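Engineer: here is my input; please provide its structure:
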Amino acid sequence: MKKLGLATALLLAMTGAQAYQFEVQGQAEYIDTTANDKDFTGGVQGTYYLKNVDSTKGPLAEAAFLNQASNVSVAYNYGEVGSKGTDVVAHNFGAKAEAYVPTKVVPVYASASYSHTILDSKNANNTDNNGDRYALEIGALPTQNFLVAVGYTSVADQAAVDAFNVMGNGVAKAAAEATTIGQDQDAITARTKYVGAIDDTNMAIGFESGIIYGDDTAFQLKTDLFVTPKLSVGASYAESSFAGTPDSAWGANVNYFITPAVAVGASYVNANYEAEKGQVLNFGDTQTVGVNAKFRF
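Structural biologist: Numbers count the residues shown, from 1 in each chain. Below is the predicted model:
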């Protein structure tokens, strides 16, 4: 029976199934900083949707959002990073649940997530570290395909990165966001998301914005043009007021669904660090190049 189930899943993927309940995503990033050009990260995320997701409603990349599909996810990230003589292996584990609840007024949204980070130092220039991060979010969809949400994030220990932020936005932006919040801190978040069709075409447009208030403040803007339901190109911009992290970062991405069940993509992020007056060395400039793939069944 197990072999039959696996064969059925593969057959659905190859023939372009229009509904799915599981999604597995993998990604890897090459990181080039001013101090080091040999860093990389890799990650995997698995998502289970409580009901089948109909992928015929619009852009394939946003099928779950357009269906208001409640789900649970787990994620893991691995990274090898180093600069200024340090050499650290990082492990991030995460679990998350999202729920869309219909009401007589508007659909209501809620999410809860947990991430645990382990930093394993490989030399004497840095110490081992680990930390936990908890986040809650509530919101609503006041109009079709438009989400408004606010949240609370607690970084309980010194080292804590959102595993799902790494998978969704890349390691440079996720690390900058964590540094902006600060150590042993609480933060308030707010975000919006919209996906809508472009009249008289098979194209669509998506917008996302987010802001976080912790020790310092950071915000992010993101937009995607869905040239066809299968193909999208996007751009993003992020900025942080924390002096110890890149001041701004811009990015570009492209994603293509080979079938409704199989997708591949690539991304690029350029994070710019502006040195303070009198500072000679600049270790903060970062560029990342990433590839990713998704499999739905």
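Engineer: which ones are touching Asp32?
Structural biologist: Asp32 makes contact with 39, 286-289, according to Cβ atoms under 8 Å, 6 or more residues apart in numbering. Bear in mind the C-beta positions are built from the backbone N, C-alpha and C, glycine included.
Engineer: of the residues you listed, closest to Glu98?
Structural biologist: Thr288 (26.2 Å; Cβ to Cβ).
Engineer: before we move on, which element is the closest one in?
Structural biologist: Element membership for Thr288 (DSSP states H and E) is strand 286-296.
Engineer: that strand packs against which elements?
Structural biologist: Contact analysis of strand 286-296 by 3 or more Cβ pairs under 8 Å, 6 or more residues apart in numbering; DSSP states H and E lists strand 19-33, helix 171-181, strand 262-272 as its packing neighbours.
Engineer: at which residues are the strands of this protein located?
Structural biologist: In the chain, the segments counted as strands under DSSP state E are 19-33, 39-54, 71-81, 88-101, 108-121, 129-143, 146-155, 185-197, 204-213, 217-226, 231-240, 248-259, 262-272, 286-296.
Engineer: mean pLDDT and distance to Asn165 added to the ones you listed, as a markdown table?
Structural biologist: Shown next, in a markdown table, are the strands of the chain (pLDDT from 0 to 100; distance: least, Cβ to Cβ, whole Å):
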| stretch | mean pLDDT | distance to Asn165 |
| --- | --- | --- |
| strand 19-33 | 93 | 12 |
| strand 39-54 | 95 | 11 |
| strand 71-81 | 93 | 10 |
| strand 88-101 | 94 | 9 |
| strand 108-121 | 92 | 9 |
| strand 129-143 | 92 | 10 |
| strand 146-155 | 95 | 11 |
| strand 185-197 | 94 | 11 |
| strand 204-213 | 95 | 10 |
| strand 217-226 | 94 | 10 |
| strand 231-240 | 93 | 11 |
| strand 248-259 | 94 | 13 |
| strand 262-272 | 93 | 13 |
| strand 286-296 | 94 | 14 |
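Engineer: for those strands, which one sits closest to Leu60?
Structural biologist: strand 248-259 (4.6 Å).
Engineer: quick check: angle from that closest one to strand 262-272?
Structural biologist: Put simply, strand 248-259 runs at 170 degrees to strand 262-272, going by axes from the mean of the first three to the mean of the last three Cα atoms, to 10 degrees.
Engineer: for the residue nearest the centre of the chain, what are its contacts?
Structural biologist: Nearest to the mean C-alpha position of the chain, counting by Cα atoms, centre = their mean, stands Gly168 at 1.7 Å. Shown in contact with Gly168 (Cβ under 8 Å, 6+ apart): no residues.
Engineer: re the thing from before, looking at the strands of the chain, which is closest to Ala163?
Structural biologist: Minimum separation from Ala163 across these (Cβ to Cβ) falls at strand 88-101, 3.0 Å.
Engineer: quickly compare the helices and strands packed on strand 286-296 and say which is most buried.
Structural biologist: Comparing the helices and strands packed on strand 286-296 on average neighbours per residue, with mean count of other Cβ atoms under 10 Å, the densest one is helix 171-181 at a mean of 24.
Engineer: got the CA coordinates for that helix in PDB?
Structural biologist: The C-alpha trace of helix 171-181 is given here as PDB (Å, rounded to 0.1, in the frame of the first residue of the first chain):
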ATOM      1  CA  VAL A 171      19.100  34.200   5.300                       C
ATOM      2  CA  ALA A 172      20.300  37.800   5.000                       C
ATOM      3  CA  LYS A 173      16.900  39.400   5.700                       C
ATOM      4  CA  ALA A 174      16.100  36.800   8.400                       C
ATOM      5  CA  ALA A 175      19.300  37.500  10.200                       C
ATOM      6  CA  ALA A 176      18.900  41.300  10.000                       C
ATOM      7  CA  GLU A 177      15.400  41.000  11.300                       C
ATOM      8  CA  ALA A 178      16.600  38.900  14.300                       C
ATOM      9  CA  THR A 179      19.400  41.400  15.100                       C
ATOM     10  CA  THR A 180      16.900  44.300  14.800                       C
ATOM     11  CA  ILE A 181      14.700  42.800  17.500                       C
END
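Engineer: no more questions from me, cheers.
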